[in-house]
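*Asks:* no letters, just coordinates:
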Ligand SMILES: Nc1ncnc2c1ncn2[C@@H]1O[C@H](COP(=O)(O)OP(=O)(O)OP(=O)(O)O)[C@@H](O)[C@H]1O
Ligand SMILES: [Mg+2]
């Protein structure tokens, strides 16, 4: 079976910094693959290349046989790739429901005249978008009010909304960048179960995560990066015992064999804090592919 995602000898340099230095891996349909590595290893940079937010210096990225290496984020998304961000990105002032409805616009085409004239067809598509948004918010298990502004939600709920929006795009491949960061123990268990249910829908998942308990539990395969280089690609068990992996993590705060690498749970948010400076944030803001540019955008406490 050919791969859903094929990353071949990917390189990305920022001046002298080799953020990604010869990364190759594949993901197949309905597979859960984790990408791990110490801080600064190049994990988010790799996601940004795959999703078109960064232009790779060299190498090739293929989605279901189509070369997407030089495509814009919107074009990559149209080929079935959805993502969430290391720092939650929602339209903070918009109602929760509208944040998720925004995800449907990728496939729910609306005619501008229908919208202006509020034709029956327009009202029908609006209803489809609303129904879809509720469906995905149910799916991710959102408990909070859906009519209030997204910024009013506790942090863990914001993460759920972001996943719901990504799912509302009907992806074949979902990239999750540290979805457990800032979650408490129970929320992490719910996330684990949610990731499996997403996979059971036939959606492949690539997971960047520092929580090794979660990674070891949920992944079929684990790719390990260190200083942009791929140092291992194998089963969770094999990777956990790999001397190169153990070596990479020595001196790092991350612990590859830890059962639950609990990070500090973030407190309930809703304070509308402006983005802290994020490396990926600046570029993300410029792409204009319909993703919010950081209305709610915070370090989740995982990197501290
Ligand atoms: N926009 C940018 N400009 C310059 N350097 C960057 C940029 N984005 C990333 N880098 C550099 O690329 C390297 C990889 O960063 P990246 O954010 O991909 O790491 P990461 O594995 O996601 O780390 P973390 O676990 O801390 O999120 C780092 O040295 C980082 O400083
Ligand atoms: Mg990162």
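*Replies:* Yep, it's here. None of the values given here were measured: they were computed from a predicted structure. Ligands and ions are numbered 1, 2, ... in the order given.

*Asks:* any idea how far ligand 1 is from the residue in the chain positioned nearest to ligand 2?
*Replies:* Per C-beta to the ion, residue 44 is where the chain lies closest to ligand 2, at 3.1 Å. C-beta: built from backbone N, CA, C; applies to glycine. Distance from residue 44 to ligand 1, counting by C-beta to the nearest ligand atom, to the nearest Å: 3 Å.

*Asks:* count of residues packed around that residue?
*Replies:* By other C-beta atoms under 10 Å, 24 other residues sit near residue 44.

*Asks:* can you give me the strands in the stretch 51-200 of the chain?
*Replies:* Counting by DSSP state E, counting those that start in this stretch, the stretch 51-200 of the chain has strands at residues 58-63, 66-67, 81-83, 173-177.

*Asks:* quick one: which of these is nearest ligand 1?
*Replies:* strand 173-177 (7.5 Å; C-beta to the nearest ligand atom).

*Asks:* hmm, the closest one touching ligand 2?
*Replies:* No: using C-beta under 5 Å from the ion, strand 173-177 never reaches ligand 2; the gap is at least 6.1 Å.

*Asks:* what pairs with that strand, and is each one parallel or antiparallel?
*Replies:* strand 81-83 (parallel), strand 204-208 (parallel) (DSSP bridges).

*Asks:* in TSV, list the ones you listed along with mean neighbour count and mean pLDDT.
*Replies:* Shown next, in TSV, are the strands paired with strand 173-177 (neighbours: other C-beta atoms under 10 Å; pLDDT from 0 to 100):
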stretch	mean neighbour count	mean pLDDT
strand 81-83	25	98
strand 204-208	24	98
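
*Asks:* switch those over to TSV; also include distance to ligand 1.
*Replies:* Output for the strands paired with strand 173-177, formatted as TSV (distance: least, C-beta to the nearest ligand atom, whole Å):
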stretch	distance to ligand 1
strand 81-83	13
strand 204-208	7
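
*Asks:* out of these, which comes closest to residue 4?
*Replies:* Set against residue 4 and scored by C-beta to C-beta, those come closest in strand 204-208, at 5.2 Å.

*Asks:* low-confidence ranges in this protein?
*Replies:* Scanning the chain for pLDDT under 70 picks out 1, 251-304.

*Asks:* near ligand 1, which residues of it show up?
*Replies:* 14, 17, 19, 37, 39-45, 86, 279, 303 (C-beta under 6 Å from any ligand atom).

*Asks:* what about 5 Å?
*Replies:* Residues of the chain lying close to ligand 1 (C-beta under 5 Å from any ligand atom) are 14, 19, 39-45, 279, 303.

*Asks:* now the residues you listed: which count as buried?
*Replies:* 19, 40-45 (16 or more other C-beta atoms under 10 Å).

*Asks:* mind checking the longest helix of this structure?
*Replies:* helix 120-140 (DSSP state H).

*Asks:* okay, the strands paired with strand 173-177 in CSV with distance to residue 145 next?
*Replies:* Formatted as CSV, the strands paired with strand 173-177 follow (distance: least, C-beta to C-beta, whole Å):
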stretch, distance to residue 145
strand 81-83, 24
strand 204-208, 28
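
*Asks:* with distance to ligand 2 added, can I get the ones you listed in a markdown table?
*Replies:* As requested, the strands paired with strand 173-177 are exported to a markdown table (distance: least, C-beta to the ion, whole Å):
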| stretch | distance to ligand 2 |
| --- | --- |
| strand 81-83 | 12 |
| strand 204-208 | 6 |
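
*Asks:* quick check: which of these is nearest to residue 116?
*Replies:* Residue 116 lies closest to strand 81-83 among the strands paired with strand 173-177, at 29.3 Å (C-beta to C-beta).

*Asks:* show me the buried ones among the residues of the chain next to ligand 1 that map onto strands.
*Replies:* If you go by DSSP state E, these have residue 19 in strands.

*Asks:* narrow the buried ones among the residues of the chain next to ligand 1 to those in helices?
*Replies:* Per DSSP H, those map to helices at 43-45.

*Asks:* gap between residue 204 and residue 214?
*Replies:* For residue 204, the distance to residue 214 (C-beta to C-beta, to the nearest Å) stands at 17 Å.

*Asks:* which parts of the stretch 51-200 of the chain sit against ligand 2?
*Replies:* Within the stretch 51-200 of the chain, the residues that sit near ligand 2 (C-beta under 5 Å from the ion) are residue 86.

*Asks:* one more pass at 8 Å, please.
*Replies:* With C-beta under 8 Å from the ion as the criterion, the stretch 51-200 of the chain meets ligand 2 at residues 86, 177-178.
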